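In: Pasting the sequence and the predicted model now:
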Amino acid sequence: MPSKVAEVPPCQKYACAIQDCLGRNDYQETKCKKALEDLEKCCKALISEGGKSVCCPEKKYNIKKD
């Protein structure tokens, strides 16, 4: 019987990095700016290409198309 491998959502590694960073830094967002910026960059690129991910709320990363 073949095993079922769950697909990793796009940008998940960045979302996980944020959680790790926050946990190490007493949940102080100011100490995790790089991780937050990395997720934002990933999500904006993904959404602008028509992709979706549970890690990227479309309302937050809404990209205006002209």
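Out: That came through, no problem.
In: Only C-alpha atoms from now on, for both contacts and neighbour counts.
Out: Fine.
In: This protein: helices as residue ranges?
Out: Ranges of helices within the chain are 12-24, 33-48, based on DSSP state H.
In: residues making contact with the shortest one?
Out: Pointing back at helix 12-24 there. The set of residues external to helix 12-24 that reach it, using Cα atoms under 8 Å, 6 or more residues apart in numbering, is 27-29, 31-32, 35-36, 38-39, 42, 55.
In: list the contacts for residue 29?
Out: residue 22.
In: Distance-wise, check residue 11 relative to residue 26.
Out: Distance, residue 11 to residue 26, using Cα to Cα, to the nearest Å: 23 Å.
In: More neighbours: these two, which one.
Out: Neighbours were tallied for residue 11 and for residue 26 using other Cα atoms under 10 Å; the higher tally belongs to residue 11 (21 against 9).
In: from memory the more buried one sits against residue 41, does it?
Out: No - contact criterion Cα atoms under 8 Å: residue 11 and residue 41 do not qualify, at 9.3 Å.
In: Show the buried residues in the contacts of helix 12-24.
Out: Of the members of the contacts of helix 12-24, the ones counted as buried by neighbours, 16 or more other Cα atoms under 10 Å, are 32, 35-36, 38-39, 42, 55.
In: what does stretch 31-49 rub up against?
Out: By Cα under 8 Å, 6+ apart, stretch 31-49 touches 10-11, 14-15, 17-18, 21-22, 25, 52, 55-56, 58, 61-63.
In: Flag the shaky bits of this structure, pLDDT-wise.
Out: Confidence mapping of the chain against pLDDT under 70 gives the ranges 1-5, 63-66.
In: rewinding a little: just put the helices of the chain in TSV and tack on distance to residue 6.
Out: What follows is the helices of the chain, written out as TSV (distance: least, Cα to Cα, whole Å):
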stretch	distance to residue 6
helix 12-24	13
helix 33-48	20
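In: still on that earlier bit, in a markdown table: the contacts of helix 12-24, plus distance to residue 48.
Out: What follows is those, written out as a markdown table (distance: Cα to Cα, whole Å):
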| residue | distance to residue 48 |
| --- | --- |
| 27 | 30 |
| 28 | 29 |
| 29 | 26 |
| 31 | 28 |
| 32 | 24 |
| 35 | 20 |
| 36 | 18 |
| 38 | 15 |
| 39 | 14 |
| 42 | 10 |
| 55 | 15 |
